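*Asks:* Sharing a model that was predicted from the sequence below.
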Amino acid sequence: MTNLEEVRAEIKMIDFEIIDLIHKRIDLAEKVLDAKKKDVMKITDTSQNHVVLDRAIDAATEKNLDTGSIKDIFEILIKMSIERQHELSGEGNLP
């Protein structure tokens, strides 16, 4: 295996790890929804979304990553979580 193939194999493994972590994160939407129902909260929690984005941007800054791209990624993750919560509550359009 060439050096490039080795690096690509490592990237492939990391990609699978990222997918697994996204899956775990989205699975937590059910617990989040249950807590929001208990506290009589709306699914979309704008203030918490800002907390998550700020935390991600701060972590990206510490790692010298492109904060704009990290913000985009986390906005997608937040959207996925909100969509899953709507789906679980019976309000979603997903199958």
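*Replies:* Cool, the structure landed. Numbering: from 1, shown residues only.
*Asks:* Tell me the spacing between Val33 and Glu6.
*Replies:* Not Val; residue 33 is Leu. 42 Å (CB to CB, to the nearest Å). Where you see a C-beta, it was placed from the backbone N, CA and C, and this is true even at glycine.
*Asks:* no wait, Leu65
*Replies:* Leu65 is 23 Å from Glu6, by CB to CB.
*Asks:* Start from the N-terminal end of this protein and give the helices.
*Replies:* For the chain, the helices defined by DSSP state H occupy 3-27, 29-38, 46-62, 67-88.
*Asks:* Pick the most deeply packed of these.
*Replies:* helix 67-88 (a mean of 16; mean count of other CB atoms under 10 Å).
*Asks:* That helix - what's its average pLDDT?
*Replies:* In this model, helix 67-88 has a mean pLDDT of 97.
*Asks:* That one to helix 3-27, inter-axis angle?
*Replies:* Put simply, helix 67-88 runs at 40 degrees to helix 3-27, going by axes from the mean of the first three to the mean of the last three CA atoms, to 10 degrees.
*Asks:* Identify all contacting residues around helix 67-88.
*Replies:* Identification of contacts with helix 67-88 by CB atoms under 8 Å, 6 or more residues apart in numbering yields 22, 25-26, 28-30, 32-33, 36, 43-44, 49, 52-53, 56-57, 59-61, 92-94.
*Asks:* The helix or strand of the chain with the lowest mean pLDDT to helix 46-62, inter-axis angle?
*Replies:* The weakest-scoring helix or strand in the chain, judged by mean pLDDT, DSSP states H and E, is helix 29-38 (a mean of 95). In terms of direction (the same axes, to 10 degrees), helix 29-38 departs from helix 46-62 by 140 degrees.
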